[in-house]
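**Q** Requesting a structural model of the entry that follows:
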Amino acid sequence: MKKKLIISISILMGFVLVYYFWPRTIELPQLGTIEDPQLTSISGKEFQFSTTKPKLVAFFYTSCPDVCPMTIMDLTKLQEKLQNEGVGENQYEVILITLDPEDDTVEKINQYKSQFKTNDNWFFLRGTVEETKEITDQFNMVFNKDSSGFITHSTIMYLLDENNRIRAYHDMNIGKNAVNLDELVENILILLH
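**A** Numbering: from 1, shown residues only. All right, here's what the predicted structure looks like:
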């Protein structure tokens, strides 16, 4: 009886030791790689994707009636959540790319941007129609502009690591479901550590 008790306690202690000393690193999958696209920021400067920071990439257009503005409003709360985790705005980037460069002029995007409380690590980008198609193809992002100018688009955001590898997908705000900021913060923290 004593021998069984000692064996049971030894096994239990073994499990406890494994639990406490097992490495706790979580790795996000690699879901694809983005080549460094050349797009222009609304400040007029060429934007380089090849930074050493994680990047959240979302696509938008200024006349989007719901998904785009609600998503951007949610993402403004991301800044505060990350700050509460000790992550400064100099450690990550939020990149928003217009799907409608024909209609979304620099002036129009600047006016749109002014409706939201964004930081200096937010970049609103605009390319030509061809450049926009090229980058959406790299992300496998689906969108269509009909003859009336209405755009339908997939509602996925992309979290990239410092090497432009897609490491996670996150849903945009689709009305009933806001952006899952807790999951987004957790994934950014994983990339930073």
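**Q** Tell me what the most centrally placed residue in the chain is bridged to.
**A** When CA atoms, centre = their mean is applied to the chain, the residue found nearest the centroid is Leu56 (2.5 Å). Beta-bridge partners recorded for Leu56 (DSSP bridges): Val94, Leu159.
**Q** What's the separation between it and Asp103?
**A** 24 Å (CB to CB, to the nearest Å). Quick note: C-beta positions are derived from backbone N, CA and C, even for glycine.
**Q** Run a quick neighbour tally on Ile72.
**A** 25 (other CB atoms under 10 Å).
**Q** Is it in contact with Tyr61, as I believe?
**A** No: taking CB atoms under 8 Å as the definition, Ile72 is not a contact partner of Tyr61, at 11.6 Å.
**Q** Tell me who's in contact with the residue nearest to Pro29 when sequence neighbours are not counted.
**A** Among residues not flanking Pro29 along the chain, Arg167 sits closest, at 6.9 Å (CB to CB, 6 or more residues apart in numbering). Residues near Arg167 by CB atoms under 8 Å, 6 or more residues apart in numbering: Leu28, Pro29, Gln30, Leu31, Pro54, Leu159, Leu160, Asp161, Asn187, Leu191.
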